[in-house]
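Novice: my questions concern the predicted model and sequence given below.
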Amino acid sequence: MRVLVSILAVLLLAAVPARAAAPEYKWEDTVQQKRVEQLIGAFSKAADASPKDYDLRVRTSQLAFYAWRLEKESNKRRLGYARICVKYAKEAIQIRPDGAEGWHWLGAGLGLAGLTRGVLNSLQLIPEIKRAFEKSAELNPAYLDGSALGQLGRVHTVLPGFPVSIGDHVKAMEYVLQARKRAPNQTLYNLYIADLLWAAGRNEEAIAELRKIPAMKPETEIQYFTYETSKRKAVELIRTIESGEKRDPFYDVLSDIQPGLVE
């Protein structure tokens with residue numbers, strides 16, 4: 001009897017697909033472009049070898065966001081990272097339709113693609129982006145520091161208003177403040193709020209918001225990445241605001257290169 005039980009146990013274990021190995025990495029790796037590219041390759045390979053692994057797909061999408069944010073030269077590469085983000089997010093949703101993570105990264109990936117090509121060239125993506133973030137927020141509004149709420153705020157910030165689209169800076173600020181209430185240590189929200197204040201001509205308040213960033217202490221991987229990238233962006237933005245430059249209606253606080261039509 002014991003032999004039979006042992007045989008059955010072995011057979012059951014053999015029937016469970018082993019999770020493909022994905023490398024460990026340090027937070028510091030996330031701000032090194034070449035290292036992030038290596039990690040995307042390793043995680044996507046592991047995900048492809050594990051067709052039911054939800055977490056690997058979520059992590060691959062997140063790494064693609066890091067690569068997109070770090071890329072400063074090529075919109076073609078940026079669009080490629082956005083598509084990686086979308087691909088693995090869609091696969092995650094197929095595995096777990098009730099997972100906030102997959103929906104979040106679908107919205108993010110589509111949004112990154114739209115920002116890369118230019119807002120006015122990407123208005124057709126807005127319903128799907130908005131739906132994905134709303135779904136994520138509905139399923140788990142706390143996921144990733146309330147990011148779905150923050151990104152809904154960005155959607156309303158970067159888009160033109162009625163009748164062209166759904167841009168609305170009042171609504172945008174409401175969403176971002178909701179997100180920051182959940183995660184006061186998330187520096188992205190300082191950038192988002194400062195951008196909205198700058199757009200409203202409240203320059204001193206915008207600069208004060210940006211000057212809070214260097215003293216903030218990241219507690220998670222995503223907070224570390226956004227802290228390192230946001231504190232550099234804050235220096236640039238303070239200089240721009242102090243110069244008296246007016247905010248462009250389509251300014252993207254996350255981008256270091258201009259959008260372009262790429263396929």
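Specialist: Nice, I can see it.

Novice: so where's the chain shaky on pLDDT?
Specialist: 1-20, 261-263 (pLDDT under 70).

Novice: helices of that one, start to end?
Specialist: Assigned by DSSP state H, the helices in the chain fall at 2-15, 33-49, 54-70, 75-95, 100-117, 126-139, 143-158, 169-182, 187-199, 203-210, 221-242.

Novice: export those helices as JSON lines, with columns for distance to A22 and mean neighbour count.
Specialist: C-beta here means a position set from N, CA and C on the backbone, and glycine is covered the same way. Shown next, in JSON lines, are the helices of the chain (distance: least, CB to CB, whole Å; neighbours: other CB atoms under 10 Å):
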{"stretch": "helix 2-15", "distance to A22": "21", "mean neighbour count": "9"}
{"stretch": "helix 33-49", "distance to A22": "4", "mean neighbour count": "18"}
{"stretch": "helix 54-70", "distance to A22": "6", "mean neighbour count": "24"}
{"stretch": "helix 75-95", "distance to A22": "12", "mean neighbour count": "21"}
{"stretch": "helix 100-117", "distance to A22": "16", "mean neighbour count": "25"}
{"stretch": "helix 126-139", "distance to A22": "23", "mean neighbour count": "19"}
{"stretch": "helix 143-158", "distance to A22": "19", "mean neighbour count": "24"}
{"stretch": "helix 169-182", "distance to A22": "28", "mean neighbour count": "18"}
{"stretch": "helix 187-199", "distance to A22": "25", "mean neighbour count": "25"}
{"stretch": "helix 203-210", "distance to A22": "35", "mean neighbour count": "18"}
{"stretch": "helix 221-242", "distance to A22": "14", "mean neighbour count": "19"}
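
Novice: a markdown table please, covering the ones you listed and showing distance to P249.
Specialist: Shown next, in a markdown table, are those (distance: least, CB to CB, whole Å):
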| stretch | distance to P249 |
| --- | --- |
| helix 2-15 | 57 |
| helix 33-49 | 30 |
| helix 54-70 | 22 |
| helix 75-95 | 20 |
| helix 100-117 | 14 |
| helix 126-139 | 16 |
| helix 143-158 | 9 |
| helix 169-182 | 11 |
| helix 187-199 | 8 |
| helix 203-210 | 16 |
| helix 221-242 | 15 |
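
Novice: nearest to P23, of those?
Specialist: Among the helices of the chain, the nearest to P23 by CB to CB is helix 33-49 (5.1 Å).

Novice: for that closest one, packing partners?
Specialist: Secondary-structure packing of helix 33-49 (3 or more CB pairs under 8 Å, 6 or more residues apart in numbering; DSSP states H and E): helix 54-70, helix 75-95.

Novice: quick one: closest of those to F133.
Specialist: helix 75-95 (11.8 Å).

Novice: dump that closest one to CSV, keeping only the CA atoms.
Specialist: Written as CSV, here are the backbone C-alpha positions of helix 75-95 (Å, rounded to 0.1, in the frame of the first residue of the first chain):
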residue,chain,number,x,y,z
ASN,A,75,10.8,55.6,-29.8
LYS,A,76,11.0,52.4,-31.8
ARG,A,77,12.5,50.6,-28.8
ARG,A,78,10.0,52.3,-26.5
LEU,A,79,7.1,51.0,-28.6
GLY,A,80,8.6,47.6,-28.4
TYR,A,81,8.7,47.7,-24.6
ALA,A,82,5.1,48.9,-24.6
ARG,A,83,4.1,46.0,-26.7
ILE,A,84,5.9,43.5,-24.4
CYS,A,85,4.0,45.0,-21.5
VAL,A,86,0.6,44.6,-23.3
LYS,A,87,1.4,41.1,-24.5
TYR,A,88,2.1,39.6,-21.1
ALA,A,89,-0.6,41.6,-19.4
LYS,A,90,-3.2,40.1,-21.8
GLU,A,91,-1.8,36.7,-21.1
ALA,A,92,-2.1,37.4,-17.4
ILE,A,93,-5.7,38.4,-17.8
GLN,A,94,-6.4,35.2,-19.7
ILE,A,95,-5.0,33.2,-16.8
